[in-house]
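J.: build me a model:
(one chain, ligands or ions: 1)
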Amino acid sequence: MTHRKLEPHEIEDALNQLNTETSQDWTIENDKLSKTFKFKDFQHAFGFMTLCALYAEKQDHHPEWFNVYNKVKVQLTTHDVSGISPKDFDLAKKMEAFAN
Ligand SMILES: C[C@H](O)[C@H](O)[C@H]1CNC2=NC(N)=NC(=O)C2=N1
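T.: Predicted coordinates:
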């Protein structure tokens, strides 16, 4: 296995780091790394989801998400370890890049 479940203090540190580097909007909700991205319209939201989907397939690591019009709520977790792993933080950073 190339990843492991992070300890609570590791999640805290990685979350602070992620929020410093990006938008300050990431939280832990239901033990998942969570953020609601907001776009100009559906076309931009779906463009973002398309980029994420291609990356997720390549990494074999897939987001849980919920889209309504211009909003995409993402909840990242690693099913293999029943928790948050470094793969979730990697995907979160990519998502930030794809959203810009
Ligand atoms: C068989 C396949 O490699 C696994 O089920 C992958 C697919 N995508 C995945 N995505 C996520 N988020 N967590 C996983 O543990 C996971 N496992």
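J.: please count neighbours and contacts with C-alpha atoms only from this point.
T.: OK.
J.: now the helices for the chain?
T.: 8-21, 42-59, 86-99 (DSSP state H).
J.: mean neighbour count, those: which tops it?
T.: helix 86-99 (a mean of 17; mean count of other CA atoms under 10 Å).
J.: now it, how far from the centre of its chain.
T.: Offset of helix 86-99 from its chain centre (CA atoms, centre = their mean, to the nearest Å): 5 Å.
J.: same check, this time on stretch 64-71
T.: Relative to its chain's centre, stretch 64-71 lies at 13 Å (CA atoms, centre = their mean).
J.: contact residues of the protein facing the ligand?
T.: Proximity of the chain to the ligand (CA under 6 Å from any ligand atom) is limited to residues Asp60, His61, His62, Pro63, Thr77, Thr78, His79, Asp80.
J.: how far away is the first one from Glu12?
T.: Distance of Asp60 to Glu12, computed by CA to CA, to the nearest Å: 25 Å.
J.: low pLDDT regions in this structure?
T.: Counting by pLDDT under 70, the chain contains low-confidence ranges at 1-2.
J.: ok, back up a step: and Lys35, which of the helices of the chain is closest to it?
T.: Of all the helices of the chain, it is helix 86-99 that lies closest to Lys35, at 8.9 Å by CA to CA.
J.: which strands and helices sit next to the closest one?
T.: With contacts taken as 3 or more CA pairs under 8 Å, 6 or more residues apart in numbering; DSSP states H and E, helix 86-99 sits against helix 8-21, strand 32-38, helix 42-59.
J.: before we move on, the earlier item: just the buried ones from the residues of the chain next to the ligand, in PyMOL syntax?
T.: Only the buried members of the residues of the chain next to the ligand end up in this PyMOL selection, burial being decided by 16 or more other CA atoms under 10 Å:
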select buried, resi 61+62+63+77+78
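J.: thanks a lot, catch you later.
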